[in-house]
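Colleague: This is a predicted model, with the sequence first.
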Amino acid sequence: MEQQKLPNATMIIVLSIASIVLCWCYGILGLILAVIALILANKSANLYKTSPELYTDYSTIKTGKILAIIGLVLNILFILMIVWVISMVGWDALQDEELMRERMEDIMNQ
(Lines give C-alpha, C1' and ligand atoms only; values in the text may rest on other atoms or scores of the structure.)
Protein backbone atom coordinates (compact mmCIF):
# COMPACT_ATOMS: atom_id res chain seq x y z
CA MET A 1 0.00 0.00 0.00
CA GLU A 2 1.06 3.52 -0.72
CA GLN A 3 1.60 5.79 2.26
CA GLN A 4 -0.42 8.98 2.47
CA LYS A 5 -0.13 12.14 4.50
CA LEU A 6 -1.96 12.37 7.79
CA PRO A 7 -5.12 14.45 7.53
CA ASN A 8 -5.02 18.03 8.79
CA ALA A 9 -1.22 18.11 9.23
CA THR A 10 -0.86 21.48 7.52
CA MET A 11 -3.93 22.89 9.25
CA ILE A 12 -2.57 21.89 12.65
CA ILE A 13 0.67 23.76 11.98
CA VAL A 14 -1.18 26.85 10.69
CA LEU A 15 -3.58 26.93 13.64
CA SER A 16 -0.75 26.43 16.12
CA ILE A 17 1.34 29.25 14.70
CA ALA A 18 -1.72 31.49 14.51
CA SER A 19 -2.48 30.77 18.17
CA ILE A 20 1.01 31.94 19.12
CA VAL A 21 0.77 35.08 16.97
CA LEU A 22 -2.75 35.94 18.15
CA CYS A 23 -2.07 35.50 21.84
CA TRP A 24 -1.79 39.30 22.05
CA CYS A 25 -5.44 39.67 20.97
CA TYR A 26 -6.66 39.40 24.58
CA GLY A 27 -5.81 35.70 24.61
CA ILE A 28 -9.25 34.48 23.61
CA LEU A 29 -8.84 33.98 19.86
CA GLY A 30 -5.43 32.35 20.23
CA LEU A 31 -6.77 30.11 22.99
CA ILE A 32 -9.56 28.86 20.73
CA LEU A 33 -7.13 28.18 17.88
CA ALA A 34 -4.72 26.32 20.17
CA VAL A 35 -7.49 24.09 21.51
CA ILE A 36 -8.70 23.30 17.98
CA ALA A 37 -5.14 22.50 16.90
CA LEU A 38 -4.66 20.18 19.90
CA ILE A 39 -7.91 18.34 19.18
CA LEU A 40 -6.97 17.86 15.51
CA ALA A 41 -3.45 16.78 16.46
CA ASN A 42 -4.76 14.19 18.92
CA LYS A 43 -7.16 12.79 16.32
CA SER A 44 -4.38 12.54 13.73
CA ALA A 45 -1.98 11.00 16.25
CA ASN A 46 -4.54 8.37 17.19
CA LEU A 47 -5.10 7.64 13.51
CA TYR A 48 -1.36 7.21 13.02
CA LYS A 49 -1.03 4.96 16.06
CA THR A 50 -3.71 2.59 14.81
CA SER A 51 -1.91 1.97 11.50
CA PRO A 52 1.49 3.68 11.22
CA GLU A 53 2.39 1.88 8.01
CA LEU A 54 -0.32 3.79 6.11
CA TYR A 55 0.69 7.36 6.99
CA THR A 56 3.61 9.76 6.83
CA ASP A 57 4.16 13.21 8.39
CA TYR A 58 3.83 12.13 12.01
CA SER A 59 6.68 14.50 12.87
CA THR A 60 4.59 17.37 11.49
CA ILE A 61 1.76 16.39 13.83
CA LYS A 62 4.14 16.28 16.80
CA THR A 63 5.57 19.70 15.89
CA GLY A 64 2.06 21.14 15.56
CA LYS A 65 1.09 19.69 18.92
CA ILE A 66 4.13 21.24 20.61
CA LEU A 67 3.39 24.61 19.00
CA ALA A 68 -0.25 24.36 20.06
CA ILE A 69 0.79 23.68 23.66
CA ILE A 70 3.11 26.70 23.54
CA GLY A 71 0.27 28.80 22.13
CA LEU A 72 -2.09 27.53 24.81
CA VAL A 73 0.33 28.43 27.59
CA LEU A 74 1.04 31.89 26.14
CA ASN A 75 -2.66 32.64 25.78
CA ILE A 76 -3.44 31.50 29.32
CA LEU A 77 -0.57 33.62 30.67
CA PHE A 78 -1.82 36.63 28.74
CA ILE A 79 -5.36 36.17 30.07
CA LEU A 80 -3.98 35.90 33.60
CA MET A 81 -1.97 39.08 33.05
CA ILE A 82 -5.10 40.93 31.92
CA VAL A 83 -7.00 39.70 35.00
CA TRP A 84 -4.10 40.80 37.20
CA VAL A 85 -3.99 44.28 35.64
CA ILE A 86 -7.73 44.72 36.04
CA SER A 87 -7.55 43.60 39.66
CA MET A 88 -4.64 45.96 40.40
CA VAL A 89 -5.85 49.15 38.71
CA GLY A 90 -9.59 48.52 38.56
CA TRP A 91 -12.02 48.47 35.68
CA ASP A 92 -12.82 52.18 35.98
CA ALA A 93 -9.16 53.13 35.51
CA LEU A 94 -9.09 51.33 32.16
CA GLN A 95 -11.65 53.84 30.90
CA ASP A 96 -9.82 56.97 32.12
CA GLU A 97 -6.21 57.62 31.13
CA GLU A 98 -5.46 60.06 33.95
CA LEU A 99 -6.85 57.71 36.60
CA MET A 100 -4.83 54.86 35.08
CA ARG A 101 -1.64 56.94 35.31
CA GLU A 102 -2.33 57.78 38.97
CA ARG A 103 -3.00 54.18 39.93
CA MET A 104 0.07 52.93 38.08
CA GLU A 105 2.21 55.49 39.92
CA ASP A 106 0.70 54.33 43.22
CA ILE A 107 1.53 50.72 42.37
CA MET A 108 5.12 51.61 41.38
CA ASN A 109 5.70 53.63 44.57
CA GLN A 110 4.58 50.86 46.94
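Modeller: Here it is on my side, so go on. These numbers come from a predicted model, not from an experiment.

Colleague: pLDDT below threshold where in this protein?
Modeller: 1 (pLDDT under 70).

Colleague: Tell me how far the longest helix seen in the chain lies from the chain's centre.
Modeller: Using DSSP state H, we find that the single longest helix of the chain is helix 58-89. In terms of Cα atoms, centre = their mean, to the nearest Å, the centre of helix 58-89 is found 4 Å from the chain centre.

Colleague: after that helix comes which helix or strand?
Modeller: Downstream of helix 58-89, the first helix or strand assigned by DSSP states H and E is helix 91-95.

Colleague: helices or strands up against that next one?
Modeller: If you count contacts as 3 or more Cβ pairs under 8 Å, 6 or more residues apart in numbering; DSSP states H and E, helix 91-95 packs onto helix 97-109. Every residue, glycine included, has its C-beta placed from N, CA and C.

Colleague: Surely Y26 forms part of a strand?
Modeller: No. Checked against DSSP: H, G, I helix; E, B strand; the rest coil, Y26 lies outside a strand; its state is coil.

Colleague: related to what we said a few turns ago, in the longest helix of the chain, what counts as buried?
Modeller: Applying a neighbour-count criterion of 16 or more other Cβ atoms under 10 Å, one finds 58, 60-61, 63-65, 67-72, 74-75, 78-79, 89 buried in helix 58-89.

Colleague: and the spatially closest residue to S16 that is not a sequence neighbour, what is it in contact with?
Modeller: Nearest residue to S16, sequence neighbours excluded (Cβ to Cβ, 6 or more residues apart in numbering): L67, at 3.5 Å. Neighbouring residues of L67 by Cβ atoms under 8 Å, 6 or more residues apart in numbering: 13, 16-17, 19-20, 37.
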